[in-house]
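> What would the 3D arrangement of this be:
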Amino acid sequence: MFRIDLRENGEVALVGRFDAAQVDGARSVFDKIDRTCSVDFAELDYISSGGLSVLLATQKRLGEAGRQLRLKHMNRHIREVFKYAGFDAIFEIE
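Next up is the predicted model:
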């Protein structure tokens, strides 16, 4: 199960398992983000390379406009995935 919640404060919350089967749906949500945005990982259990690619493409697009994704509340495992992929140097992780 995977869900993306859009909160009233403009924050995006990822819930469940973000794997390759979820990429198209997630891309349609992230493609609409046009400003600096926080992404809450508190309820995300897993992220695949497909999920990472959606976030990276969004970060690249936003960065070209001087904006960014801010990632927060990652569990230890997901934080390690970002570190090993070198994404900790690309994203602001709180």
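> Could I get the buried residue list for stretch 74-82?
74, 78, 79, 81, 82 (16 or more other CB atoms under 10 Å). For the C-beta atoms, the positions are set from N, CA and C on the backbone; glycine is no exception.
> With stretch 10-30 instead?
12, 13, 14, 15, 18, 22, 23, 26, 30.
> Other residues contacting stretch 27-34?
Residues from elsewhere that reach stretch 27-34 (CB atoms under 8 Å, 6 or more residues apart in numbering): 4, 6, 12, 54, 55, 57, 58, 62, 65, 67, 69.
> From those residues, list just the buried residues.
With neighbours counted by 16+ other CB under 10 Å, the contacts of stretch 27-34 contain buried members at 4, 12, 54, 55, 58, 62, 69.
> How much space separates the fifth one from residue 87?
Same thing as residue 58. As judged by CB to CB, to the nearest Å, residue 58 and residue 87 stand 12 Å apart.
> just the third one next, same as before
Noted for residue 54: a distance of 12 Å to residue 87, by CB to CB.
> Longest helix of the chain, counting residues only.
What stands out as the longest helix in the chain, according to DSSP state H, is helix 49-63.
> Neighbouring strands - and their directions - for the following helix or strand past that one?
As assigned by DSSP states H and E, the chain's next helix or strand after helix 49-63 is strand 69-72. Partners of strand 69-72 in the sheet, by DSSP bridges, are strand 37-47 (parallel), strand 92-93 (parallel).
> Name the residues of the longest one that are buried.
Spelled out, that is strand 37-47. 37, 38, 39, 40, 41, 44, 47.
> for those residues, which one is nearest residue 91?
residue 39 (8.9 Å; CB to CB).
> Please save the CA atoms from stretch 55-65 in CSV.
Output of stretch 55-65 as CSV, limited to C-alpha atoms (Å, rounded to 0.1, in the frame of the first residue of the first chain):
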residue,chain,number,x,y,z
LEU,A,55,12.2,12.7,-5.9
LEU,A,56,15.5,13.3,-7.8
ALA,A,57,13.7,14.5,-10.9
THR,A,58,11.5,16.8,-8.8
GLN,A,59,14.5,18.2,-6.9
LYS,A,60,16.3,18.9,-10.2
ARG,A,61,13.4,20.7,-11.7
LEU,A,62,12.8,22.8,-8.6
GLY,A,63,16.5,23.5,-8.2
GLU,A,64,16.5,25.1,-11.7
ALA,A,65,14.0,27.6,-10.3
